[in-house]
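Visitor: With the sequence up front, the predicted model follows.
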Amino acid sequence: MRIKTALVGYGYWGTNILRNLIENPGCDVVAVCDSSEKQLARVRARYPHLPLVRDLESVLRSDAEAVFVVTPISTHHEIARAALAAGKHVFVEKPMTASVAEAESLVAEAERSRRRLMVGHTFEYNPAVTRIREIIAAGTLGRIFYISCKRVNLGIHQRDASVIWDLAPHDFSILFHVLQETPLWVSASGRACIQKGIPDVAFVCMEFPSGVMAHVELSWLSPSKLRNTTIVGSQQMLVYDDTQNVEKVKIFNHGVSYKDPETFGEFQLSYRTGDILSPKIDNREPLGLEIEHFLESIRSGTAPRTDGRNGLQVVRVLEAADASLRSQGRMMPLPQA
């Protein structure tokens, strides 16, 4: 069953989504929409056979069964809600919306219209992240103590969103996916260095019900591009480096053992440095896997893995982190399911 699709927004990430839609044998692109004639000219030069439109209404009136929304964050809610109300299945890029209220509105509209709503948390479809979740679930690392994430680069500065709303959805979705839980609280500090009122560097801390502590460093101002996640467990440690072409995941047989003192003044720590293992990781493109999952959820009528409620969880923590940032790092409690 081939599914008719439409793309709204042909910007930086829209180009990648359109390429994957065209390469997917299970769908047909029936419309590409962008308000910029310059962007549409780029589409026309590369894909001259595709129908191009400049207004959303043309997409809503089309025979597209699914709409991909790849526009600025502030427009996600309006476009996605209109598409759902028009009877379309909707894939919306991360973060799902600019507020919890908007996210709840989309979840409710998807349930009312009985249409699939999926959020582009691409890393949940990344084979490396899938492998990490399996490693944690198998107990290979032991009890998880803490996780440290670093997502920094030079640019791309956004005009309508802070670095938290732009970059943190990736790490938040990874954390929630591999731990299978959401945080109890979140705290954030940061600074607007270049554009007044738009923080471009932030440090986010959170604690999970299992006791795991997590720290996420985010920046648009760094001399190098880093995409690192370090997971420290009681038995072993793991490092995930998404910038590597091979050996993205490494498991370190390193650790520390503590022995309770038997006499006053006795203190013993035993340090272990063992082998380093790099498991084999599927090299398929995560975005292609993500899009195929969305199309299959439409065919089967089942909820996608990163559905509206999944997107709502991430937006809830983003909003709390943003509130903490404006409150000088105050700890913000989060509701538990």
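Guide: The structure has been received and is ready for your questions.
Visitor: Near residue 305, how many other residues are there?
Guide: Taking other C-beta atoms under 10 Å as the neighbour definition, residue 305 ends up with a count of 16. C-beta here means a position set from N, CA and C on the backbone, and glycine is covered the same way.
Visitor: Likewise for the one 4 residues further on?
Guide: Burial of residue 309, expressed as a neighbour count using other C-beta under 10 Å, amounts to 17.
Visitor: which residues touch it?
Guide: When the contact criterion is C-beta atoms under 8 Å, 6 or more residues apart in numbering, the partners of residue 309 are residue 107.
Visitor: quick one: secondary structure of it?
Guide: Judged by DSSP: H, G, I helix; E, B strand; the rest coil, the three-state class of residue 309 is helix.
Visitor: For stretch 114-122, buried residues please.
Guide: Judged by neighbour count using 16 or more other C-beta atoms under 10 Å, the buried positions of stretch 114-122 are 115, 116, 117, 118, 119, 120, 121, 122.
Visitor: Ends of that stretch, what's the gap?
Guide: The separation between the terminal residues of stretch 114-122, taken as C-alpha to C-alpha, to the nearest Å, is 23 Å.
Visitor: what sits up against that stretch?
Guide: 66, 70, 80, 84, 87-96, 106-107, 109-110, 169-170, 173, 177, 286-287, 290, 293-294, 297-298, 303-304, 306-308, 310-311, 314.
Visitor: Pass me the low-pLDDT residue ranges in the chain, would you?
Guide: Flagging of the chain using pLDDT under 70 yields the residue ranges 257-270, 272, 337.
Visitor: Would you confirm that residue 249 contacts residue 131?
Guide: Yes - between residue 249 and residue 131 there is a contact under C-beta atoms under 8 Å: 6.0 Å.
Visitor: quick one, domains of the protein?
Guide: Described in terms of automatic domain parsing, the domain architecture of the chain consists of the residue ranges 3-121+286-304, 124-284+317-333.
Visitor: Could you say which of those domains is packed most deeply?
Guide: domain 3-121+286-304 (a mean of 19; mean count of other C-beta atoms under 10 Å).
Visitor: chain center to that one, what's the gap?
Guide: Relative to its parent chain, domain 3-121+286-304 has a centroid offset of 17 Å by C-alpha atoms, centre = their mean, to the nearest Å.
Visitor: Now do it: distance from first to last residue.
Guide: 16 Å.
Visitor: same deal with stretch 298-313?
Guide: Terminal residues of stretch 298-313 are spaced 22 Å apart (C-alpha to C-alpha).
Visitor: do the same with stretch 299-309
Guide: The distance separating the two terminal residues of stretch 299-309, taken as C-alpha to C-alpha, comes to 20 Å.
Visitor: Measure how far that stretch is from the centre of its chain, please.
Guide: Between the mean C-alpha position of stretch 299-309 and that of its chain there is a distance of 16 Å (C-alpha atoms, centre = their mean).
Visitor: Also stretch 303-313?
Guide: Distance of stretch 303-313 from its chain centroid, counting by C-alpha atoms, centre = their mean, is 11 Å.
Visitor: For it, measure first residue to last.
Guide: End-to-end span of stretch 303-313 (C-alpha to C-alpha): 16 Å.
Visitor: same check, this time on stretch 186-196
Guide: Separation of the first and last residues of stretch 186-196 by C-alpha to C-alpha is 24 Å.
Visitor: repeat for stretch 27-40
Guide: Note: stretch 27-40 ends 21 Å apart using C-alpha to C-alpha.
Visitor: overlap in contacts of residue 249 and residue 131?
Guide: With contacts taken as C-beta under 8 Å, 6+ apart, residue 249 and residue 131 have 279, 281 as neighbours in common.
Visitor: now residue 90: how far from residue 111?
Guide: For residue 90, the distance to residue 111 (C-beta to C-beta, to the nearest Å) stands at 13 Å.
Visitor: thought residue 68 was touching residue 6?
Guide: Yes - distance between residue 68 and residue 6: 7.0 Å, which falls inside the contact criterion (C-beta under 8 Å).
Visitor: which SSE is residue 109 in?
Guide: When secondary structure is defined by DSSP states H and E, residue 109 falls within helix 100-113.
Visitor: List of residues touching that helix?
Guide: Contacts of helix 100-113 from elsewhere in the structure, counted by C-beta under 8 Å, 6+ apart, are 76-77, 80-81, 84-85, 87, 90, 92, 96-97, 116-117, 307-309, 311-312, 315-316, 319.
Visitor: Looking at the contacts of stretch 114-122, which are in helices?
Guide: Using DSSP state H, 80, 84, 106-107, 109-110, 169-170, 173, 177, 286-287, 290, 293-294, 297-298, 308, 310-311, 314 are the members of the contacts of stretch 114-122 that sit in helices.
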